[in-house]
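Participant: Kindly generate the corresponding structure for this input.
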Amino acid sequence: MAMSQRDYVAWMRKELGRSKRFRQDHDDDWKRYIDLYKGKHWSASSDNDQLVVNLIFATVNVMVPAVAIHNPRFAVEARLPTNADNAMIAEEVLNYLWRTHHYQREFKLAIEDWIVCGTGWCKVGYKATKEPEERKVDTPGVSKSDNTDEGESGDDYGIDDREDMEGNVESELHVDPDNDRPFVERISLFDMYIDPDARHIKEARWVAQRTWRALADVKVDSRYVSTQRSKVGSTSWSKWDGGGEDQNQDGRSDDDLPDHKRTGYVEVMEFYDIKRNQVSTFAYNADRQGGSDSGFLIKPTKMPYAFGHPFVMLRNYEIPDTLYPMGDVQQIESLQLELNETRTQMLNYRKKFRRAWVYAKDRFDRDGIAALESDDDNVMIPVQGDSNPSDSVAPMPAIVTPAEWWDQSAMISDDLDRVSGISDYQRGGNENIKRTATEAAMIQDASNARAQDRLSKVELILSEIGERVMLLQQQYMTGEQMARIVTMPIKGWFPYTADHIRGRFDFTVQGGSTEPQNETFRRQSALQIVDASIPFMDAGVVNMPTLYAELLRRGFGIKDAERYVNMPAPPPELAGLGQGGSPVPPSGEPPPGPPMEQPMPPEMGGGMPPQGMPPGGGMPPEMMGAPPQGMPPELMAMMGGGMPPGMPPGPQGGGPAMSELTPEILAALKMMAAQESGLPIG
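Facilitator: Sure, this is the predicted structure:
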C-alpha cells in the first residue's frame, strides 16, 4: 500500500532522527580528531605550561600530498571496437574538465577528511542554473506586523538562485549561469546522513545531505512549493549575530524563536530514497506554524542521474561489518596525548631547576653576601675567619630531569612512526641531512607498501568520480563545446558534441600521476633515456628534435619545450615538393593524385586480416565515427591510424610525410594504430 505524502515525509524525518542518534558518537570522535589536527589537544587549562608536540599535523601533511598533490591522468579505454575513437576524445575531454574546473581542489579537501576522520564525501552532479535574482520575502497569509522574520529597517530580501530544471542540486548556491557543466564538490561529513542499518553505502536504503540555508532565501526559492516554503521558520541562527546565554557551544539554540537581531537558517534535507529511486527536499523540523508534519519543499521525483544518487563515499581503513571506516588519526591519538604529557612534565621539571647555595652566615658580612648574589664577573668575596673559604659555601643539590625520560619520549615517537607508517625522515626531520641516498631509499621502501595501498584506494575513487563526470556529460550536454588537449605535447583545441564522447568505457588513473615527483629522480630518468638512445642516434633511427623536446619536458618540467627546438630544413632533393611530399605541378596543370597504397603482404602481417578489416590493419570506414570538425591533425592521426594524406607534419616535426612512406611501412603504422585502439589483428 502506497504511503501518503504526509506519511512519507514523516518516515523520512524518523529515519534521519535514527541516523543522527546513531552518528552521535562518531560526531564526537570526528570533532576530537579535527581538534588534534589543528593542535587543540588539552581539554582544560592548567596553571602549569601545557606543551603540544603535534606529530598528527606532521603525519597528515605527509599523507595528503603523497596521494593528491597533482591532477590525475585519466585513461579511457573503449569496451567495444566501435567506440575506440570516442574513447580517445572522451579521455581528452575528461582530463580537460578536471583541470579547467579545478575539481582537484574539492577532491583534496575530501582526502583530508578521509585521512583525519576515516571517511569523506564527494558530490558529482550537473550544474544548470539561472542568474541569481533578489526578491522580497512575501509570506502568504501573514501580515507585515506579524512577520517576525523582518528586520527593523524594512522588508526582508532573499536571493533566489534556483531554477526548476532537472539536474540542479541543493548545495550549489553560487554558479556561473553561462557554464553548465558537471561539478565535483566536497561535502562535509557532518552534513551527510545514511541508513544506520547498513554496513556499507552499497547496502543503504537511503542517503541524505543537509544544507543550512538562510530563511529569507528559502522563502523566495522558486523551486520550492509556495504553500510549504511560506510555513518554514528558522531552527538555527548565526552565532555571530549575538545572542543570549541560552545558546549552546556552536552558537545555535532550539529553545527560542528568532528575532530581528538574528539571521535565521533552515535545515534543508535533500533525501535520496535509493530503494524507490526518488529524490525529494524538505525542511527538517522547521515548520513553526503547522508542527512537524509539513510537506515537501520539492516533491518526490525520479533521481535525475542515470547512475543514481550523486554521492561518492571515500572509505579509508575498513572495519568488518561497520558502516563508518577508521582513519589514520584514530590509532595514534593515545600516543600523541602520551607524548604531550611526557614533554609537558619534562618542561615543568626543567623550570624547577635553579641555582642555590649553602653558606655559613657568620663567615660573611653584608658586603660578602652582596658579592655572592652578584652576577658580575671576577668579583671579590670577603670571608671572615681563618678557616678554609671553600668550607664556607656549598652548592645546593638541584632537581634535574631523569635521563630515562628522554628515552621515553623517543620511544613514543618511534611508536608513532610504527603505527602511522610515516617516519621522521618523511616528516622533514633533521636527520635527512645525515642520510645517504641508499639509506633514504631504504627508508622510503620500508613504507612503500602502505603508501601504495593508500594510493591505490585514491586512484579507484578517482576512477569512479571520473566515470560519473563523463556519464553526466553524455546525459546532459547539449550543443557543441570546446576542449583543450592536455595529455599530449600538442597545443590545440577541438570542438566536440555528446555524440563524440558517447559509448561504454573503462576509466582508470595512470599509476602515480597524483603523487609528488622527485625532481632529482625525474631528471635522472630522462637522462637515462638519452643515454640508452645514443646507439640508436648513431644508427639514424632517433628523431632528435622530438627526443630533445621530451628531455626538456619530462626531465626539467618545461611545458613549451618546442620553442627550444629548431626544426631541420628539408633536404635539397625535397625542396621542390609541396605538402605531403607531392611535386609542385606547373602552372595550369592539375595536381597529381595521391599514390596508390599497396596492401601489406600476408607474410608481414602474420596472417590474413580478420573479416571486415581492410588489408594491412586499420579501422574499417564503417566502424569509424565522423571526427569533430576542427580536430587537430595529430589527434586525427592517432584516431585514424596515421597522418591524413597531404597534411603537413605537426609541431613535433622531423617526421616524413605520408607519401614518402613505402606501402609496407604505411601498412605497419596502420596495424600499430589498430592495436592501440584494441582491434583484433590477424
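Participant: what's the next secondary structure element after the host helix or strand of Asn340?
Facilitator: If you go by DSSP states H and E, Asn340 is part of helix 333-351. Downstream of helix 333-351, the next assigned helix or strand under DSSP H and E is strand 357-359.
Participant: Note down every partner strand of that next one and its orientation.
Facilitator: Using DSSP bridges, strand 357-359 pairs in its sheet with strand 393-395 (antiparallel).
Participant: Counting neighbours, which bits of the partner strand end up buried?
Facilitator: Val393 (16 or more other C-beta atoms under 10 Å). Yep, even glycine has a C-beta here, placed from its N, CA and C like the rest.
Participant: What of stretch 346-359?
Facilitator: Those would be Met346, for stretch 346-359 by 16+ other C-beta under 10 Å.
Participant: Contacts for the helix holding Asn340 next, please.
Facilitator: 32-33, 36, 41-42, 48-56, 399-401, 405-406, 408-409, 412-413, 415-416, 419 (C-beta atoms under 8 Å, 6 or more residues apart in numbering).
Participant: ok, now with 10 Å
Facilitator: For helix 333-351, contacts defined as C-beta atoms under 10 Å, 6 or more residues apart in numbering pick out 29, 32-33, 36, 41-42, 46, 48-57, 59, 327, 329, 332, 399-402, 405-406, 408-409, 411-420.
Participant: Which of the residues you listed fall in strands?
Facilitator: Within the contacts of helix 333-351, no residue falls in strands by DSSP state E.
Participant: For burial, what's the neighbour tally of the nearest residue to Arg504 once chain neighbours are set aside?
Facilitator: Residue nearest to Arg504 in three dimensions, not counting chain neighbours: Arg79, with 4.4 Å by C-beta to C-beta, 6 or more residues apart in numbering. Using other C-beta atoms under 10 Å, Arg79 has 12 neighbouring residues.
Participant: I figured Arg79 was touching Ala87, is that so?
Facilitator: Yes - at 8.7 Å, Arg79 counts as touching Ala87 under the criterion of C-beta atoms under 10 Å.
Participant: Now for those two: what residues contact both?
Facilitator: Gly503, Arg504, Phe505, Asp506, Gly678.
Participant: So which of those residues wins on neighbours?
Facilitator: Taking other C-beta under 10 Å as the neighbour criterion, Phe505 ranks highest of the shared contacts of Arg79 and Ala87 with 24 neighbours.
Participant: Enumerate every residue touching that one.
Facilitator: Each residue near Phe505 by C-beta under 10 Å, 6+ apart is listed here: 75-80, 83, 86-87, 90-91, 94, 466-467, 470-471, 474.
Participant: Give me the buried subset of those.
Facilitator: Neighbour-count burial (16+ other C-beta under 10 Å) applied to the contacts of Phe505 gives 75-78, 83, 86-87, 90-91, 94, 466-467, 470-471, 474.
Participant: Filter those residues down to just the ones in helices.
Facilitator: The members of these that map onto helices under DSSP state H are Asn86, Ala87, Ala90, Glu91, Leu94, Gly466, Glu467, Met470, Leu471, Gln474.
Participant: pLDDT and distance to Asp377 added to these, as JSON lines?
Facilitator: JSON lines is the format used below for these (pLDDT from 0 to 100; distance: C-beta to C-beta, whole Å):
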{"residue": "Asn86", "pLDDT": "92", "distance to Asp377": "86"}
{"residue": "Ala87", "pLDDT": "92", "distance to Asp377": "83"}
{"residue": "Ala90", "pLDDT": "93", "distance to Asp377": "81"}
{"residue": "Glu91", "pLDDT": "93", "distance to Asp377": "77"}
{"residue": "Leu94", "pLDDT": "95", "distance to Asp377": "75"}
{"residue": "Gly466", "pLDDT": "95", "distance to Asp377": "73"}
{"residue": "Glu467", "pLDDT": "95", "distance to Asp377": "77"}
{"residue": "Met470", "pLDDT": "95", "distance to Asp377": "79"}
{"residue": "Leu471", "pLDDT": "95", "distance to Asp377": "81"}
{"residue": "Gln474", "pLDDT": "92", "distance to Asp377": "84"}
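Participant: what two of those residues are the furthest from one another?
Facilitator: The span of those, defined through C-beta to C-beta, is set by Asn86 and Gly466 at 15.4 Å.
Participant: hmm, who's touching stretch 24-42?
Facilitator: Outside stretch 24-42, the residues that reach it (C-beta under 10 Å, 6+ apart) are 20, 23, 43, 50-57, 59-61, 112-113, 115-119, 188-190, 323-324, 326-330, 332-333, 336-337, 339-341, 344.
Participant: Around the residue nearest to Arg199 when sequence neighbours are not counted, how many other residues sit close by?
Facilitator: For Arg199, ignoring the flanking residues on the chain, the nearest one in space by C-beta to C-beta, 6+ apart is Asp321 at 5.2 Å. Other residues lying near Asp321 total 7 when counted by other C-beta under 10 Å.
Participant: now Asp321, what's its secondary structure?
Facilitator: Classification of Asp321 using DSSP: H, G, I helix; E, B strand; the rest coil returns coil.
Participant: okay but it is in contact with Asp197, surely?
Facilitator: No - Asp321 lies out of contact with Asp197 (C-beta under 10 Å); the separation is 11.7 Å.
Participant: wait, isn't Leu80 in contact with Arg502?
Facilitator: No - look at Leu80 against Arg502 with C-beta under 10 Å: they stay out of range, at 11.5 Å.
Participant: residues shared between the contacts of these two?
Facilitator: With C-beta under 10 Å, 6+ apart as the test, Leu80 and Arg502 both reach Asn86.
Participant: if we can go back for a sec, now do the same contact list for the residue nearest to Arg504.
Facilitator: Ala87, Gly503, Arg504, Phe505, Asp506, Gly678.
Participant: same thing but 7 Å
Facilitator: Contact analysis of Arg79 by C-beta atoms under 7 Å, 6 or more residues apart in numbering lists Arg504, Phe505, Asp506.
Participant: Ok, Tyr496 next?
Facilitator: By C-beta under 7 Å, 6+ apart, the residues touching Tyr496 are Ile89, Val93, Gln481, Ala483, Pro628.
Participant: what about 8 Å?
Facilitator: Contacts of Tyr496 (C-beta under 8 Å, 6+ apart): Ile89, Val93, Glu480, Gln481, Met482, Ala483, Pro628.
Participant: of all the residues you listed, which comes closest to Leu16?
Facilitator: Closest approach to Leu16 among these (C-beta to C-beta): Val93, at 37.9 Å.
Participant: So that closest one sits against Ile501, correct?
Facilitator: Yes - the pair Val93 and Ile501 passes the contact test of C-beta atoms under 8 Å, sitting 5.7 Å apart.
Participant: Give the residues shared as contacts by these two.
Facilitator: Met470, Gln473.
Participant: Among the contacts of stretch 24-42, which are located in helices?
Facilitator: Per DSSP H, those map to helices at 20, 55-57, 59-61, 112-113, 115-117, 333, 336-337, 339-341, 344.
Participant: ok, Lys127 - how many residues close by?
Facilitator: By other C-beta under 10 Å, the residues close to Lys127 number 20.
Participant: likewise Arg23?
Facilitator: Applying other C-beta under 10 Å, we find 19 residues neighbouring Arg23.
Participant: Looks like it contacts Tyr193 (just checking).
Facilitator: Yes - judged on C-beta under 8 Å, Arg23 makes contact with Tyr193 at a distance of 7.3 Å.
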